[in-house]
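Novice: Quick check, what structure comes out for this input:
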Amino acid sequence: MKKGIKLIMIIIIIVSIVIAFNMKGNKLKPLPKPEVTEGIRGINFGIDKNINEETIDNYLNRSDTVYRDMRMLIDEGDYESIGGDSYLSGIITGFEAVPFPLILNVTGLPEEVGNTYQGKTLFTANEDGYTANYKESMEFLEYYFPKDKNILLMCGGGGYSGMMKEMLINLGWDKDKIYNTGGHWFYKGDNNIIIKKTINNKVSYDFWKVSYHDINFDTLNKVD
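Specialist: Next comes the predicted model:
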């Protein structure tokens, strides 16, 4: 009887050691601190040096991180004129689309692109920063861009995600937790979800594959 109890205790100890080892082994490594890359990509867009289109596959599926693609499903800007795509033709696994033009009025686009969406927005940019247009505007940001997580941003070419990063930092988010990972147009990794299809010379888009967070402004309460 004593031998049986002793054997059970030994098994329990061994199992506890294995569990503790696995928990330690599964501990997430800290992400490198945000660092803007050199050249035009860094100066114009603020794209990260360490976590970008070329390396993003190494940083997916983290429980301490949220992944946000800032594009609309169909953007009114003529991004084809600069070699891009006005349609969301693909997205990286794990990313959810939160359309930046619905969050803030977009300015400073290349002349060739023209105007993007010109409708209602959660915020308006002004000389002092950002003004909330709806009582729920800040709640929306805090829900989709949680302050206790790392936030990896992406868009088509890096512009929207750069603007989103700048806005979040201005509104009090931790600058060491937010990354502009660049543009999906340049992604060549192994985790692409193809949205654009061409069958018999007919193009279609599987937008149903995208976790897309639209904003119904009619359900929100305007700030007086």
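Novice: remind me which residues of the chain are low pLDDT?
Specialist: Low-confidence segments of the chain, defined by pLDDT under 70, span residues 1-26.
Novice: residue boundaries of the strands in it?
Specialist: For the chain, the strands defined by DSSP state E cover 65-69, 90-92, 96-97, 123-126, 129-132, 150-155, 178-183, 192-194, 196-199, 202-205.
Novice: mind listing what the second one pairs with, with the direction of each?
Specialist: Strand 90-92 sits in its sheet next to strand 192-194 (antiparallel), going by DSSP bridges.
Novice: Same check on the fifth one?
Specialist: Strand pairing for strand 129-132, using DSSP bridges, gives strand 123-126 (antiparallel).
Novice: Then the last one?
Specialist: Partners of strand 202-205 in the sheet, by DSSP bridges, are strand 196-199 (antiparallel).
Novice: any idea how far Glu80 is from the residue at minimal distance from the centre of the chain?
Specialist: The geometric centre of the chain, computed from its C-alpha atoms, lies nearest to Arg68 (CA atoms, centre = their mean), at 1.9 Å. Separation of Arg68 from Glu80 (CB to CB, to the nearest Å) stands at 24 Å. Quick note: C-beta positions are derived from backbone N, CA and C, even for glycine.
Novice: again, but for Val98
Specialist: 23 Å.
Novice: between these two, who's got more neighbours?
Specialist: When Val98 is set against Glu80 and neighbours are counted by other CB atoms under 10 Å, the residue ahead is Val98, at 26 against 12.
Novice: I'd assumed His213 was in contact with that one.
Specialist: Yes. If you go by CB atoms under 8 Å, Val98 and His213 touch, sitting 4.9 Å apart.
Novice: Overlap in contacts, those two.
Specialist: Tyr144 (CB atoms under 8 Å, 6 or more residues apart in numbering).
Novice: Does Tyr67 touch Phe95 like I think?
Specialist: Yes. Using CB under 8 Å, Tyr67 is in contact with Phe95, at 4.2 Å.
Novice: shared neighbours of these two, which are they?
Specialist: Common neighbours of Tyr67 and Phe95, counting by CB under 8 Å, 6+ apart, are Met154.
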